[in-house]
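Student: no sequence on this one, just coordinates:
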């Protein structure tokens, strides 16, 4: 989803992306070496926390480079079924095809969101905020951040998806244009 948002919202130039097949969809994925390394490092850490049930939320913040004002906030709330992690309850079997279909629906909604989100006219940068359980230690090079909420915003809830262990709710908030 991160690559789709960065591409669809024009955070990086279109030539910094290449078309690839993921989740049964044709998607744009970054080909920028620095961005690829950064995302790989962050997503590897997040995957570990997800597998341990320590990840609670991932937020992609888009802010103006000039003013640092937050313009969009893409939130992915993650609920983990504790019994599925500790083995005390059998995992609910959900067909992989169904999970894939739900992921495809979210990616399609991200793509369709450009029809209702305001145009980002300023150059923008992004930041990833990772919310974990309190007892989780973060890599030393990571730093704490405020939640980067948007003043005067509108929010749109996107589709959710569930796996055998996790439920992910997605929402995008964006700054309302000054009238």
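Tutor: Thanks, I have the structure now. These figures come from a predicted structure and were not determined experimentally.
Student: Tell me, how many residues neighbour residue 71?
Tutor: 21 (other CB atoms under 10 Å). Backbone N, C-alpha and C define where each C-beta goes, glycine included.
Student: I figured residue 123 hits residue 65, correct?
Tutor: Yes: counting by CB atoms under 8 Å, residue 65 is a contact partner of residue 123 at 4.4 Å.
Student: any weak-confidence spans in this structure?
Tutor: 82-95, 99, 159-166, 178-179 (pLDDT under 70).
Student: again, only using 80
Tutor: 23-25, 80-106, 159-168, 177-179 (pLDDT under 80).
Student: quick one: the strands in it?
Tutor: 17-22, 25-30, 55-64, 70-80, 124-132, 153-157, 161-162, 166-175 (DSSP state E).
Student: Show me what the longest helix along the chain is packed against.
Tutor: Ranked by number of residues, the top helix in the chain under DSSP state H is helix 33-52. Packed against helix 33-52, as judged by 3 or more CB pairs under 8 Å, 6 or more residues apart in numbering; DSSP states H and E, are the following elements: helix 2-8, strand 55-64, strand 124-132.
Student: Now the shortest one: buried residues?
Tutor: Okay, so that is helix 2-8. 2, 3, 4, 5, 6, 7, 8 (16 or more other CB atoms under 10 Å).
Student: same deal with the second one?
Tutor: Buried positions in strand 55-64, judged by neighbour count with 16+ other CB under 10 Å: 55, 56, 57, 58, 59, 60, 61, 62, 63, 64.
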